[in-house]
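Participant: no FASTA, just this:
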Ligand code: XLS
Ligand code: NI
Ligand code: NI
């Protein structure tokens, strides 16, 4: 096959000694961290929409991205070249998974029939590319937000015809995800939310959303789709208030409608920030509720109030994220999907390599530091000490349910000697810094 990204070489691991900017310094796919290789821990995935479809348009300006398929006028030919380019890119970067929306891989036609036909054609091509490269589908999803018909939402639209159309689209997206062996299926509530309560029946819209998810679960069972369903929270954008606000909100929603056994959560770093949380908070909240399914890796800008979807380069954040993932016992069948895009002026194809490479190295480093923190029981020992009053005496009675308010009152009346211990936050922060500085490489030489 003709090479499409001629400027992007195969990216190899060369370690910290190398000054080659197009080589990994930390991500070494086959290197073991604990009992798994980095590739097994990290399960990186390319996001079709950002890496292959985004062209640099923003509300103030036109496309900037130089991409080989931009010169083609036929939308199906563009889709074909994109697919080939995507698989070449993933092979060169050593990314073993990808994710897509239905409308990323094939253009929307003039009717549902035509759109489905376009999909079938491209899916056959993708199937062949997957076979050739051994690259797998992490998840598929349906774009229920770009087309004008979804202006009021999809499953939460006040218009039942829109609900039906969205259902047909998800039916097809489930079929192709299943055909391609997708390991998960994602719902991100694109326009499932509201602009004003003056015209919104929130109770009906939420009931309808749940009806929609229930039908999806039933249909997956019918066609034998074995993948994990995931819901991806986001507090705002495009609507003022999205229904899938954050992890806590999604868990409450799933439990209300009896869907909690069928779904896990896909957590995106930038969405956590928009909800006023850290990525670590959202991962932790999902983990302790057995709901951590997969992650969309990127980073936001704390000075901006929207989803900037930048490539992740913050070592502190990736360390704490990998800490949660290790505590979760890994994230399989989920993975680390690059829901990240280039800045508009980074318009050359080679920038795609720099972006993904930076993200992969940043997560590899975070993985190594998190693994070391866990091996040394740094935070675990401190936690055990901090909560030890619940291991015996009155604390154990509370935990075991042996006491009520009256019993506790009796105890408290006799005990006026409360002694607190320091939380040691600053000490812990400095320990984390020391682990971060010694990183994944230097300690091995010490
Ligand atoms: C947008 C979302 C979207 C989902 C997939 O903010 O992150 O890209 O991941 O629909
Ligand atoms: Ni996302
Ligand atoms: Ni996003």
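Facilitator: Alright, I've got the coordinates. Remember, it's a predicted structure, so these values are computed and weren't measured experimentally. Ligands and ions are numbered 1, 2, ... in the order given.

Participant: when you work out contacts or count neighbours from here on, use the C-alpha atoms and nothing else.
Facilitator: Noted.

Participant: could you look up the SS state of the nearest residue to residue 178 once chain neighbours are set aside?
Facilitator: The shortest distance from residue 178 to any non-neighbouring residue, by C-alpha to C-alpha, 6 or more residues apart in numbering, is to residue 225 (5.4 Å). Following DSSP: H, G, I helix; E, B strand; the rest coil, residue 225 is assigned to coil.

Participant: which SSE is residue 230 in?
Facilitator: Remark: residue 230 resides in strand 228-232, with elements defined by DSSP states H and E.

Participant: the residue nearest to residue 178 contacts residue 176, doesn't it?
Facilitator: No. Assessed by C-alpha atoms under 8 Å, residue 225 is found out of contact with residue 176, at 10.1 Å.

Participant: contacts only, for the nearest residue to residue 340 once chain neighbours are set aside.
Facilitator: Taking C-alpha to C-alpha, 6+ apart, and ignoring the residues beside it in sequence, residue 340 has residue 309 as its nearest neighbour in space, at 4.6 Å. Shown here is residue 309, whose contacts under the criterion C-alpha atoms under 8 Å, 6 or more residues apart in numbering are 270, 298, 299, 300, 339, 340, 341.

Participant: residues contacting residue 380?
Facilitator: For residue 380, the contact set (C-alpha under 8 Å, 6+ apart) comprises residue 374.

Participant: my bad, residue 9
Facilitator: Residue 9 neighbours (C-alpha under 8 Å, 6+ apart): 22, 92.

Participant: for residue 181, give me phi and psi.
Facilitator: Here is the backbone geometry of residue 181 (degrees, to the nearest 10): phi 70, psi 30.

Participant: and the pLDDT for it?
Facilitator: pLDDT for residue 181: 98.

Participant: and what of the one 4 residues further on?
Facilitator: The model reports residue 185 with a pLDDT of 99.

Participant: and residue 220, that one's in a helix?
Facilitator: Yes. Assigned with three-state DSSP, residue 220 falls within a helix.

Participant: close enough to count as contact, it and residue 174?
Facilitator: Yes. Look at residue 220 against residue 174 with C-alpha under 8 Å: they come within range, at 7.0 Å.

Participant: those two: who's more crowded?
Facilitator: residue 174 (28 against 19; other C-alpha atoms under 10 Å).

Participant: poorly predicted segments of the stretch 1-150 of the chain, please.
Facilitator: Within the stretch 1-150 of the chain, the stretches with pLDDT under 70 are 1.

Participant: what are the ranges of the strands in the stretch 251-400 of the chain?
Facilitator: All strands of the stretch 251-400 of the chain, identified by DSSP state E, counting those that start in this stretch, fall at 263-268, 292-297, 336-338.

Participant: in terms of secondary structure, what does the biggest helix by length in the chain contact?
Facilitator: For the chain, the helix that runs over the most residues, judged by DSSP state H, is helix 349-375. Under the contact criterion of 3 or more C-alpha pairs under 8 Å, 6 or more residues apart in numbering; DSSP states H and E, helix 349-375 touches strand 23-24, helix 38-42, helix 75-93, helix 315-327, helix 425-438.

Participant: buried stuff in that helix?
Facilitator: Using 16 or more other C-alpha atoms under 10 Å as the test for burial, helix 349-375 gives 349, 352-373.

Participant: ok now that helix, how far from the chain's centre?
Facilitator: If you compare the mean C-alpha spot of helix 349-375 with that of the full chain, they lie 15 Å apart, counting by C-alpha atoms, centre = their mean, to the nearest Å.

Participant: could you give the angle of that helix to helix 315-327?
Facilitator: Helix 349-375 runs at 60 degrees relative to helix 315-327, counting by axes from the mean of the first three to the mean of the last three C-alpha atoms, to 10 degrees.

Participant: how close does residue 351 get to residue 358?
Facilitator: The gap separating residue 351 from residue 358 is 10 Å, by C-alpha to C-alpha, to the nearest Å.

Participant: mind checking pLDDT for residue 151?
Facilitator: Looking at residue 151, its pLDDT reads 98.

Participant: how about residue 321, nearest residue that isn't a chain neighbour?
Facilitator: residue 280 (5.5 Å).

Participant: next one: that neighbour from residue 177, what distance?
Facilitator: Taking C-alpha to C-alpha as the criterion, residue 280 is separated from residue 177 by 29 Å.

Participant: these two: which is more packed in?
Facilitator: Taking other C-alpha under 10 Å, residue 280 and residue 177 do not tie; residue 177 has more neighbours (26 against 20).

Participant: how far away is the closest residue to that one other than its chain neighbours from residue 128?
Facilitator: Leaving out its chain neighbours, the residue that sits closest to residue 177 by C-alpha to C-alpha, 6+ apart is residue 140, at 5.4 Å. Here residue 140 is placed at a distance of 17 Å from residue 128 (C-alpha to C-alpha).
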